[in-house]
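Q: Just to be clear, the model below is a prediction. Sequence and coordinates:
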Amino acid sequence: MLTKLIAVLIVLSFATTTAFADQTLEVSTNQNEIKALDSVMIVGKITGVSEYKPVRLSVMAPDGAIVYKPFVPIGDNGEFKRVLQPTLPSFMAGTYTITVSHEDTKMTAMTQFTVIGQEIPRNSVQVAPGMGQPSSGIAAQEQERSSIVQTGITMTADAIEGSDTINITGNTNSRGTDVTLVVSSPTGNVVTVAQVTPGPTGNFDVEIKVGGAMWKEDGMYTITANQGRASEYQNSIEVEIKEGVVVPEFGAIATLVLMVSVFAVVILSARTKLGIMPKY
C-alpha cells in the first residue's frame with residue numbers, strides 16, 4: 001500500500017513539474033521602428049496556461065508612463081495579437097517597452113519598438129493657396145493622417161446577408177510591395193491578418209472567412225489595409241458582424257420589408273378564406 005502511495009505521489013510530482021516546464025511566453029512587434037502616427041502590431045505565443053484566460057499587455061512610453069494596459073484573448077495554438085494605435089495626438093518619440101504577463105504563470109516577456117520623428121514639423125505645415133494655416137500641431141497631424149488615408153489605396157467590401165465570407169476588392173497606386181489587411185474586432189483585438197500582392201494594374205482582392213471564437217463579438221469590425229515600410233498607404237472600411245455572420249448595411253430595412261410582406265400575405269390569406277366560405 002505504501003509503495004503504491006509513493007508511486008502516485010511521484011507521478012503527480014512529475015506531472016506538475018512537466019506542466020510548469022512546458023510554460024513558454026514570447027512576444028514581438030511587426031516593426032522595430034515606426035513613425036509617430038503609425039500603428040504597430042504586437043504578436044506573441046504562450047503555452048502551459050489556461051487559454052480561456054487572456055494575457056495582459058503593459059505598454060510603457062519613453063517617459064515611463066503606462067499608456068496602454070489591455071487584456072488580449074488567446075487564440076489557436078496559444079497565439080495572441082493586438083494592434084496598437086497611436087496615443088493622442090501621436091506616439092511620443094523614443095523607445096516604448098511592452099511587457100506581457102498571465103495570471104497562471106510568473107513568467108513575463110518583453111519587447112520594444114522605437115518611434116522616430118515626423119517628416120513634417122508638428123507646428124509647420126505647407127498648405128495649398130486659400131486653404132488657411134492649421135492653428136496647432138494637432139491640426140497638422142490630422143491633415144497628414146487624412147492625406148495618408150485619401151491617397152494610395154481604395155477598397156470596398158462585398159458580402160451577402162448571413163454569409164460567412166467577406167470579399168475585399170481594391171486598388172493601389174504602388175505595385176512594388178504587398179498589401180497587408182488587418183481585421184480588428186469592435187474592442188480593438190486583432191482577429192485575422194491577410195496579405196496580398198497587387199496585380200499589374202494595382203488591383204487586388206482577398207476573401208476573408210468569418211466565424212469561430214475570434215468573431216464572437218457583435219458590432220462593427222474594422223478592416224485596415226497597409227502598404228509600405230511605414231504604412232505610407234493606408235485605408236480602412238467597416239463591416240458589421242452579428243452572431244458570427246455578416247450583416248449588410250441595409251439589414252434593418254430589409255428586415256422591415258420582410259415583416260411587412262409577411263403581414264400582407266397573412267391579411268390576404270384571411271380575406272381569401274372569408275370570400276370562399278359557403279353561405280347558408
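A: Perfect, thanks for sending it.

Q: quick one: low-confidence parts of the stretch 1-150 of the chain?
A: The model of the stretch 1-150 of the chain has pLDDT under 70 over residues 1-21, 88-89, 118-150.

Q: so where do the strands sit in it?
A: 24-29, 33-35, 40-47, 55-60, 66-68, 71-72, 79-84, 94-102, 105-116 (DSSP state E, counting those that start in this stretch).

Q: Output those as JSON lines; include the columns mean neighbour count and distance to Gln234.
A: In this view, the C-beta of every residue, glycine as well, is placed from N, C-alpha and C. Shown next, in JSON lines, are the strands of the stretch 1-150 of the chain (neighbours: other CB atoms under 10 Å; distance: least, CB to CB, whole Å):
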{"stretch": "strand 24-29", "mean neighbour count": "17", "distance to Gln234": "17"}
{"stretch": "strand 33-35", "mean neighbour count": "19", "distance to Gln234": "11"}
{"stretch": "strand 40-47", "mean neighbour count": "20", "distance to Gln234": "13"}
{"stretch": "strand 55-60", "mean neighbour count": "19", "distance to Gln234": "21"}
{"stretch": "strand 66-68", "mean neighbour count": "14", "distance to Gln234": "20"}
{"stretch": "strand 71-72", "mean neighbour count": "16", "distance to Gln234": "23"}
{"stretch": "strand 79-84", "mean neighbour count": "20", "distance to Gln234": "12"}
{"stretch": "strand 94-102", "mean neighbour count": "18", "distance to Gln234": "20"}
{"stretch": "strand 105-116", "mean neighbour count": "15", "distance to Gln234": "17"}
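
Q: now Thr192: how far from Val245?
A: 16 Å (CB to CB, to the nearest Å).

Q: list the contacts for the residue nearest to Gly152 when sequence neighbours are not counted?
A: In space, and not counting its chain neighbours, Gly152 is closest to Tyr233: 3.1 Å by CB to CB, 6 or more residues apart in numbering. Shown in contact with Tyr233 (CB atoms under 8 Å, 6 or more residues apart in numbering): 148, 151-153, 172-174, 179, 225-227.

Q: how about 6 Å then?
A: Under the criterion of CB atoms under 6 Å, 6 or more residues apart in numbering, the contact list for Tyr233 reads 152-153, 227.

Q: ditto for Gly75
A: Counting by CB under 6 Å, 6+ apart, Gly75 touches Met214.

Q: for the one 5 residues further on, same thing?
A: Under the criterion of CB under 6 Å, 6+ apart, the neighbours of Phe80 are 44, 55, 72, 74.

Q: So in terms of bridging, what pairs with it?
A: Gly44 (DSSP bridges).

Q: ok, Ile74 - contacts?
A: Counting by CB under 6 Å, 6+ apart, the residues that Ile74 touches are 51, 80.

Q: For it, what are phi and psi?
A: phi -90, psi 130 (degrees, to the nearest 10).

Q: need the helices for the protein, in chain order.
A: 2-21, 137-150, 251-275 (DSSP state H).

Q: quick one: average pLDDT of the last one?
A: The average pLDDT for helix 251-275 rounds to 59.

Q: And stretch 171-180, by the same measure?
A: On average, stretch 171-180 scores 78.

Q: Then stretch 213-231?
A: The average pLDDT for stretch 213-231 rounds to 79.

Q: Now it: buried residues?
A: Residues 214-215, 221-228, 231 are the ones in stretch 213-231 that count as buried (16 or more other CB atoms under 10 Å).

Q: if I look at the closest residue to Ala194 other than its chain neighbours, how far off is Tyr68?
A: Spatial nearest neighbour of Ala194, excluding adjacent residues (CB to CB, 6+ apart): Leu181 at 4.5 Å. According to CB to CB, Leu181 stands 23 Å off from Tyr68.

Q: for Ile160, same thing?
A: Ile160 is 37 Å from Tyr68, by CB to CB.

Q: Thanks a lot, catch you later.
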